[in-house]
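Peer 1: okay, sequence plus prediction incoming.
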Amino acid sequence: MDLVHIPDPVARLASYPHQMSGGMRQRVVGSIAMSRSPNVLIADEPTTSLDATIQLQYLKLLKEIQAETGTAIIFITHDFGVVARMCDRVAVMYAGKIVERARGYRAL
C-alpha cells in the first residue's frame with residue numbers, strides 16, 4: 001500500500017469501499033494488483049468516473065509505479081487524453097479487431 005501512497009493503510013484495511021473516495025478506491029485496486037509484482041498490469045478504463053484532478057494524480061502515480069517497478073501497463077480506454085499522456089505504443093480497435101498500430105500519439 002506504500003507503493004500507491006495510501007495514507008494510514010491500517011485504517012484503510014478496516015474501511016468499506018463506500019467510505020473511500022473514488023481515487024482512494026483506485027489506489028486500493030492498484031495496490032492489490034501490484035502486490036504480486038506483475039510483469040504486466042492490465043488497466044481497463046482506470047480513470048473512468050474520476051474527476052480531472054484525481055485522474056491526473058492517478059495517472060502520475062501509475063507512471064511512478066511503472067518507473068520504479070518496470071511493470072508494463074496495457075491501458076484499455078476511450079480517453080485519447082490518457083492515451084496521449086501515458087502510452088508509448090497504441091493499438092486502435094474497431095469491432096473487436098485491431099485496425100491501426102502506431103507509436104504513441106501518432107495513432108491519434
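Peer 2: Received the coordinates, thanks.
Peer 1: low-confidence regions, the chain specifically.
Peer 2: The chain contains residues with pLDDT under 70 at 1-7, 105-108.
Peer 1: can you show me the helices along it?
Peer 2: With DSSP state H as the criterion, the chain has helices at 9-13, 22-34, 52-69, 80-86.
Peer 1: may I see the buried residues of the longest one?
Peer 2: Same thing as helix 52-69. Neighbour-count burial for helix 52-69 flags 54, 55, 58, 59, 61, 62, 65 (criterion: 16 or more other C-beta atoms under 10 Å). Any C-beta I mention is one placed from the backbone N, CA and C, and that applies to glycine too.
Peer 1: from these, pick the one nearest residue 32.
Peer 2: residue 65 (13.0 Å; C-beta to C-beta).
Peer 1: want to try CSV for the helices of the chain, with distance to residue 104 as columns?
Peer 2: Supplementary listing: those in CSV, determined by distance: least, C-beta to C-beta, whole Å:
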stretch, distance to residue 104
helix 9-13, 35
helix 22-34, 23
helix 52-69, 14
helix 80-86, 8
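Peer 1: residue 92 bridge partners, please.
Peer 2: In this entry, residue 92 is beta-bridged to residue 100, by DSSP bridges.
Peer 1: thought it was touching residue 100?
Peer 2: Yes: under the criterion of C-beta atoms under 8 Å, residue 92 makes contact with residue 100 at 4.2 Å.
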